[in-house]
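J.: quick one, fold the following:
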Amino acid sequence: MAESQGSTPLRVLVYSNDADTRQQVILALGRRPRADLPELDFFEVATAPVVIEQMDAGGIDLAILDGESAPTGGLGIAKQLKDEIDGCPPVVVLTGRPDDAWLANWSRAEAAVSHPIDAMQLTNAVAGVLLAR
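T.: Below is the predicted model of the structure:
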């Protein structure tokens, strides 16, 4: 997906019940994380029902879901989205620790990054997922 400089921004849904985690994701990626990607427009979501509603409505190019969110974790939401939405956009999950990668596989997410959020790891995961679309 080689996009030009003037391409339409991609809509990225960022889910976490923790506003600090959402901000860490947005700051780590920035408006344009890499030159070979279009700009990103972030849409912050704090509750699971709104994630489902927004994903069902369409128009989201990537979802980043916090597996550590409460009361509903992003891993379960990822699994639900993948099971219920035909052509579900790619999902990156944030796991509690690197050893939770098996949970990310179960959730059918395209990529996983563990807390604490590392900007380079998150950018590489997001770029890999978006460029593979």
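J.: what is the neighbour count of the spatially closest residue to Ser107 that is not a sequence neighbour?
T.: Spatial nearest neighbour of Ser107, excluding adjacent residues (C-beta to C-beta, 6 or more residues apart in numbering): Ala78 at 3.9 Å. Backbone N, C-alpha and C define where each C-beta goes, glycine included. Using other C-beta atoms under 10 Å, Ala78 has 27 other residues around it.
J.: same check, this time on the one 3 residues further on
T.: Leu81 is surrounded by 23 other residues when neighbours are defined as other C-beta under 10 Å.
J.: measure it to Gln23 for me?
T.: Leu81 sits 23 Å away from Gln23, taking C-beta to C-beta, to the nearest Å as the criterion.
J.: pull the helix or strand harbouring Glu53 out as PDB, backbone CA atoms only.
T.: Taking DSSP states H and E as the criterion, Glu53 maps to helix 48-57. Included here for helix 48-57 are C-alpha records, laid out as PDB according to Å, rounded to 0.1, in the frame of the first residue of the first chain:
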ATOM      1  CA  ALA A  48     -16.300  -1.500  24.700                       C
ATOM      2  CA  PRO A  49     -19.800  -0.700  23.400                       C
ATOM      3  CA  VAL A  50     -18.500   2.400  21.600                       C
ATOM      4  CA  VAL A  51     -15.700   0.300  20.000                       C
ATOM      5  CA  ILE A  52     -18.300  -2.200  18.700                       C
ATOM      6  CA  GLU A  53     -20.600   0.600  17.500                       C
ATOM      7  CA  GLN A  54     -17.800   2.400  15.600                       C
ATOM      8  CA  MET A  55     -16.400  -0.800  14.100                       C
ATOM      9  CA  ASP A  56     -19.900  -1.900  13.000                       C
ATOM     10  CA  ALA A  57     -20.400   1.600  11.400                       C
END
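J.: nice, that's everything, thank you.
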